[in-house]
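Student: following is a predicted model, sequence given first.
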Amino acid sequence: MDFFQYKNNRLYAEDIAVSELVRRFGTPLYIYSRATLERHWRAFDTALGTHPHLICYAVKSNPNIAVLQTMAKLGAGFDIVSQGELERVLAAGGDAGKIVFSGVAKTAAEIERALSVGIRCFNVESSAELERINQVAATMNLRAPVSLRVNPDVDAHTHPYISTGLKENKFGIAVQEARRVYRYAAGLKHIKITGMDCHIGSQLTELQPFLDTADRLILLLEQLKADGIELEHLDLGGGLGVTYDRETPPHPAEYAAALLDKLKGYRELEIILEPGRAISANAGILVTKVEYLKSNENRHFAIVDAGMNDMIRPALYQAHMEIIEVARDLDRETRIYDVVGPICETSDFLGKGRKLAIAAGDYLAQRSAGAYGASMSSTYNSRPLTAEVMVSGETANLIRRRAPLSQLWQLESLLPESD
Ligand SMILES: Cc1ncc(COP(=O)(O)O)c(C=O)c1O
Ligand SMILES: N[C@@H](CCCC[NH3+])C(=O)O
């Protein structure tokens, strides 16, 4: 079931015409479907059935507090990578006890705050971080729950910029080192080992890399048992891909079934997953206005009011994202367009070579924009951050106001006149 569908050639977000939302909130505009977010989280939760598990939504994929609130109401856990994300989860009513904290550069202040609110565990990415956590926990006179992020050296077969589980990547502790670091952790007074973690990359479209990873982690887990180190949970990270174009990623149910099969003998071991994109990407669209049509040589350009500052994925990863008309006019002639933004960079495009039937003043929707869209946006070229709307049935709530221009320089200061 797709909650972004045409009815009489008009695109709808759940039960509201996108053109109506544009009239109310302007463009560029991110629109999210609450029913889609809920369905996607539940797809993971249901798929793991009665095996003890926790689905920790990866906050970075879409950190809007209304999205986090939607997740919290479902009983979701959260995967965070900064204090900013931690405070967002708490502001949204998320349960601190269901937060796992990943990331390679946790500061002492971040560790202290996370310990003080009682997070579920730290996904520790190096021995040096382990020592820092031990020290901070000592000053607070408590034991910090940790899980080591193991880098299994598995090729995720994804874009090199979003692959994280190869030995040359900066993430995690090399699988060959992990046993030694676990033993070291077991001897630290203010550390409590609770689990094992990994995350091998994003937008994975095959099961095999996940299963190879699970095999390596299970082997390590058995070695740890022999060392007398018992784990409570196994966290396989996020990374399940979505369909942007013609990809056919496994469904969460297929992924979960394969995992459960691997972990048949480990009923007592809680499974944690950290999906981001698979929950939020197809729950959102980015709507933009065609300001001008223009042709250079043999190329046709649709110049729109959303740029790479609003959606950087095509520029950063050459990512393909579908672009469709908000109102379809079947009598209009189609052309092949490069859909480009207002930013002064040649890489500023939302899509290239797209067949569209449009005129200036029309609106376009970029699909699958709910993940790593607003989340990665910037104010480059002094363009204010865009508005975000959450739709639920016939209701639309503005969940982020369009930033006023004055906000662009709000934190800046002029030099004193005397200089
Ligand atoms: C540690 C960690 N967990 C989870 C995720 C979420 O990944 P995805 O959005 O691909 O599910 C990421 C991002 O890749 C991550 O770095
Ligand atoms: N930002 C990336 C994914 C990276 C995930 C973060 N570890 C994307 O848009 O595809």
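Tutor: Everything's here; your move. Ligands and ions are numbered 1, 2, ... in the order given.
Student: max-length helix in the protein?
Tutor: Taking DSSP state H as the criterion, the chain has its longest helix at helix 208-226.
Student: what residues does the stretch 201-350 of the chain have near ligand 1?
Tutor: Neighbours of ligand 1 within the stretch 201-350 of the chain, by Cβ under 6 Å from any ligand atom: 202, 237-240, 274-278. Where you see a C-beta, it was placed from the backbone N, CA and C, and this is true even at glycine.
Student: residues contacting residue 166?
Tutor: Contacts for residue 166 were tallied using Cβ atoms under 8 Å, 6 or more residues apart in numbering; they are 151, 153-156.
Student: could I have the buried ones of the residues you listed as ChimeraX selection syntax?
Tutor: Written as a ChimeraX command, the selection of buried residues from the contacts of residue 166, which uses 16 or more other Cβ atoms under 10 Å, is:
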select :151,153,154,156
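Student: secondary structure element holding residue 86?
Tutor: If you go by DSSP states H and E, residue 86 is part of helix 83-91.
Student: ok, now which ones touch the most centrally placed residue in the chain?
Tutor: In the chain, the C-alpha nearest the mean C-alpha coordinate belongs to residue 61, at 2.0 Å (Cα atoms, centre = their mean). Residues in contact with residue 61, defined by Cβ under 8 Å, 6+ apart, are 238, 276-277, 279-281, 370-372, 375.
Student: can you give me how far whatever helix or strand comes next after the longest helix of the chain is from the chain middle?
Tutor: Counting by DSSP H and E, the next helix or strand C-terminal to helix 208-226 is strand 233-235. Relative to its chain's centre, strand 233-235 lies at 20 Å (Cα atoms, centre = their mean, to the nearest Å).
Student: what's the answer for stretch 339-347, then?
Tutor: Computed by Cα atoms, centre = their mean, the chain-centroid distance of stretch 339-347 equals 24 Å.
Student: name the residues of it that are buried.
Tutor: For stretch 339-347, the neighbour count (16+ other Cβ under 10 Å) marks 339-343 as buried.
Student: now stretch 129-139
Tutor: 129-130, 132-134, 136-137.
Student: for stretch 25-37, list the C-alpha coordinates in PDB.
Tutor: Extracted C-alpha coordinates of stretch 25-37, given in PDB (Å, rounded to 0.1, in the frame of the first residue of the first chain):
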ATOM      1  CA  PHE A  25       2.600  25.600   3.400                       C
ATOM      2  CA  GLY A  26       4.500  26.700   0.200                       C
ATOM      3  CA  THR A  27       7.500  25.000  -1.300                       C
ATOM      4  CA  PRO A  28      10.100  23.500  -1.000                       C
ATOM      5  CA  LEU A  29       8.100  21.200   1.300                       C
ATOM      6  CA  TYR A  30       8.800  17.900   2.900                       C
ATOM      7  CA  ILE A  31       5.700  15.800   3.400                       C
ATOM      8  CA  TYR A  32       5.700  12.700   5.600                       C
ATOM      9  CA  SER A  33       3.000  10.000   5.900                       C
ATOM     10  CA  ARG A  34       2.500   8.900   9.500                       C
ATOM     11  CA  ALA A  35       0.700   5.700   8.500                       C
ATOM     12  CA  THR A  36       3.800   4.700   6.400                       C
ATOM     13  CA  LEU A  37       6.200   5.400   9.200                       C
END
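Student: anything in that stretch near ligand 1?
Tutor: No: judged by Cβ under 6 Å from any ligand atom, stretch 25-37 and ligand 1 are separated, with a smallest distance of 13.5 Å.
Student: burial check on the closest residue in space to residue 107 that isn't next to it in sequence, number of neighbours?
Tutor: Once flanking residues are discounted, residue 107 sits nearest to residue 83: 7.9 Å by Cβ to Cβ, 6 or more residues apart in numbering. Around residue 83 there are 17 other residues, counting by other Cβ atoms under 10 Å.
Student: from ligand 2, how far off is residue 83?
Tutor: As for residue 83, its distance to ligand 2 is 18 Å (criterion: Cβ to the nearest ligand atom, to the nearest Å).
Student: can I assume that residue is in contact with residue 112?
Tutor: No: counting by Cβ atoms under 8 Å, residue 83 sits too far from residue 112 to count as a contact (9.6 Å).
Student: which ones are touching the residue in the stretch 101-250 of the chain positioned nearest to ligand 2?
Tutor: Residue nearest to ligand 2 within the stretch 101-250 of the chain: residue 202 (4.0 Å; Cβ to the nearest ligand atom). By Cβ under 8 Å, 6+ apart, residue 202 lies in contact with 158, 162, 164, 238-239, 241, 276-277.
Student: now residue 399
Tutor: Contact partners of residue 399, counting by Cβ under 8 Å, 6+ apart, are 32, 64-67, 388-390.
Student: how about a cut-off of 6 Å?
Tutor: Shown in contact with residue 399 (Cβ atoms under 6 Å, 6 or more residues apart in numbering): 64, 66, 388, 390.
Student: do the same with residue 70
Tutor: Residue 70 makes contact with 34, 37, according to Cβ under 6 Å, 6+ apart.
Student: that older thread, quick check: the gap between the residue nearest to residue 107 and residue 108.
Tutor: When distance is defined by Cβ to Cβ, to the nearest Å, residue 83 is 11 Å away from residue 108.
Student: circling back to that earlier point, which pair of the contacts of residue 61 spans the longest distance?
Tutor: Greatest spatial distance among the contacts of residue 61 (Cβ to Cβ): 238 and 370, at 14.5 Å.
Student: more crowded one of these two?
Tutor: Taking neighbours as other Cβ under 10 Å, residue 238 and residue 370 compare with residue 370 leading, 30 against 24.
Student: okay, the more buried one: pLDDT?
Tutor: Predicted confidence (pLDDT) for residue 370: 98.
Student: domains in this protein, as residue ranges please.
Tutor: 4-32+281-409, 34-279 (automatic domain parsing).
Student: helix, strand or coil: sort out the residue nearest to residue 323 when sequence neighbours are not counted for me.
Tutor: In space, residue 323 comes closest to residue 351 once its chain neighbours are excluded; the distance is 4.6 Å by Cβ to Cβ, 6+ apart. Here residue 351 is recorded as strand under DSSP: H, G, I helix; E, B strand; the rest coil.
Student: quick one: pLDDT of residue 351?
Tutor: Listed pLDDT for residue 351 reads 98.
Student: let me know how buried it is, in neighbour terms.
Tutor: Residue 351 has 20 neighbours, counted by other Cβ under 10 Å.
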